[in-house]
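Visitor: Sequence isn't available, so here's the structure alone:
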């Protein structure tokens, strides 16, 4: 009884820590990768006793201290309660979907089978969509509670953008659900361990290539990263809907941005790139196509799975960072046109074609 | 233990409902509504209705109330000075609401309601889908037409008229 | 999973929520708050349906709640569009100030 509770706590803490660590290093990656792309060195001056660690001290030590100690500007003439809670809502609703992301296979300790997923929900996909929908409130309330006409404008645009691209994301997910026949994310990853034709790993990208592009674009737009960052555009509006936030609250909004980047990476990995699956690796060892099994200890297999998941997540995080510093920003009407007149019809066509193909081939994969 | 938890959630739900009705600022009413809807979704989860619980959050708390908040912000509705109607009407409404709730509660208390064991997968997607596509197929198709009509209607009604 | 509390309590809660919704519709003048109270009443009814679905047990209650949610979404969209248009015409959403059709 107590052991069950402790195992649950450890699972939750593990996945949250994994996500937050990648967020922390994401800040560092962002600086270094943007510096590489722009042919400069990046921030590397802050140092402790002469150790600057290539900018690690700057991002991981100096920045958080700066943010947490900055003066929290108190606004007047508007709602202090909403002003306080808006960044909290944004951050919490970005962190919570990690509960259904499976980060490994079953861990077998003695005769206890521990599913490496913090919350084994039967409707995991719906849970993710629900929490992402609730994340809109952080934006809406943040702009409203700022007593600033342009912050309000930024927040209305931001929330309109979020709810438009939620639809494209949801329909892309419908395609994935049709292929796997389940809403449970761990089941989807298990289904991606099979081999097509005996040699090709059945990863989601092979079944739903268009769905992957739709989900990825929708996810990038949802987290308001460039090229979809008009609500926040740092070079045009001051900071859009979080202009009037400073210090720790600004840090929370900023962190929510990054947590969503990692969340989109985690979801793309889980749905389309095999999650924690390594090709040809089954719980008892490597199954070389064409016969032959290379035995590997089950514990090592599980650990390799977790490592594979982390590496895949890192790949997509870095991809989104590179995307940010490469593409120019969309204008607002171009953005809305892309969401409603571009992605939505393509997503609907994807669902229809997927359903038709499944009907023709008789049943799900 | 879990009965205490239910009482806490129920009390918070009623508090949220009061906020909707009593708050001066429409934004607070909307936030009270979000809280109430979220807690009702939690109650759905406690009744083994997993699909409906999350659908409630996606549709009601995540879309409908956002729509309400958009309209409130677009119209820039401020906190009101006098929120209630004429006192006679308020008294009649309060009496009527109390009588209604009392009547329903009275009827409920006299009905035996058990909580039998459930089939595997109760409240998940598969049984709902089976019913939707067999017994309730006609309402399902009509609902899709209704939603289409509502979308077109909302766009047409909400457009700015060129005088 | 056994329900955490006797199902009768759920029904009493939904009756109370419905009563609060009724008071909201009749006692408030701001049209948007009236609309929100209507949504509250719809949700109280949803809770009743789900409770009875649990008690029978039958999934029909869940399907009906599904339909109620779809209809409520459609109604909210159209209703708010009407309120928006009303505000553009009269500059108010106060029910006591839009009385042109009253005798």
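Guide: In hand now; what should we look at? Everything quoted here is computed from the prediction, not taken from an experiment.

Visitor: CA only for contacts and neighbour counts going forward, please
Guide: Noted.

Visitor: Just checking the helix or strand bottoming out on mean pLDDT in chain B against chain C, any contact.
Guide: Confidence across the helices and strands of chain B bottoms out at helix B:87-109, with a mean of 85, counting by mean pLDDT, DSSP states H and E. Yes: applying C-alpha under 8 Å from any C-alpha of the partner chain, one finds helix B:87-109 touching chain C at B:89-90, B:93-94, B:96-98, B:100-102, B:104-105, B:108-109.

Visitor: Out of the residues you listed, the closest to residue A:149 would be?
Guide: Relative to residue A:149, the closest of these is residue B:90; by C-alpha to C-alpha it sits at 36.5 Å.

Visitor: Next, count neighbours for the closest one.
Guide: Residues within reach of residue B:90, counting by other C-alpha atoms under 10 Å in any protein chain shown, total 17.

Visitor: How about residue B:30?
Guide: Residues near residue B:30, counting by other C-alpha under 10 Å: 25.

Visitor: Does chain B have contacts with the helix or strand hosting residue C:89?
Guide: Using DSSP states H and E, residue C:89 sits in helix C:60-90. Yes: Helix C:60-90 is in contact with chain B by C-alpha under 8 Å from any C-alpha, via C:60, C:62-63, C:65-67, C:69-71, C:73-82, C:84-85, C:87.

Visitor: Give me the secondary structure label for residue 82.
Guide: Picking chain A for this. Classification of residue A:82 using DSSP: H, G, I helix; E, B strand; the rest coil returns helix.

Visitor: that's the wrong chain, I meant chain B
Guide: coil.

Visitor: Mind pulling up the pLDDT for it?
Guide: Residue B:82 is assigned 70 on the pLDDT scale.

Visitor: Next, count neighbours for it.
Guide: Quick note: residue B:82 (other C-alpha under 10 Å) scores 10 neighbours.

Visitor: cool, residue B:4 as well?
Guide: With other C-alpha under 10 Å as criterion, residue B:4 counts 11.

Visitor: before we move on, which element is it in?
Guide: Going by DSSP H and E, residue B:4 is part of helix B:2-22.

Visitor: can you tell if that helix touches chain A?
Guide: No: counting by C-alpha under 8 Å from any C-alpha, chain A has no neighbours in helix B:2-22; the shortest distance is 15.0 Å.

Visitor: Is chain A within reach of the next helix or strand after that helix?
Guide: With elements assigned by DSSP H and E, the helix or strand that comes after helix B:2-22 is helix B:26-46. No: Helix B:26-46 does not reach chain A (C-alpha under 8 Å from any C-alpha); its nearest approach is 9.2 Å.

Visitor: and helix B:26-46, which residues are buried?
Guide: Of all the residues in helix B:26-46, those buried under the rule 16 or more other C-alpha atoms under 10 Å in any protein chain shown are B:26-46.

Visitor: Could you do stretch C:83-98 as well?
Guide: Buried residues in stretch C:83-98, counted by 16+ other C-alpha under 10 Å: C:83-85, C:92-94.

Visitor: show me what contacts the most centrally placed residue in chain C?
Guide: By C-alpha atoms, centre = their mean, the mean C-alpha position of chain C lies nearest to residue C:39, the distance being 2.4 Å. The neighbours of residue C:39, taking C-alpha atoms under 8 Å, 6 or more residues apart in numbering or on different chains as the test, are residue C:72.
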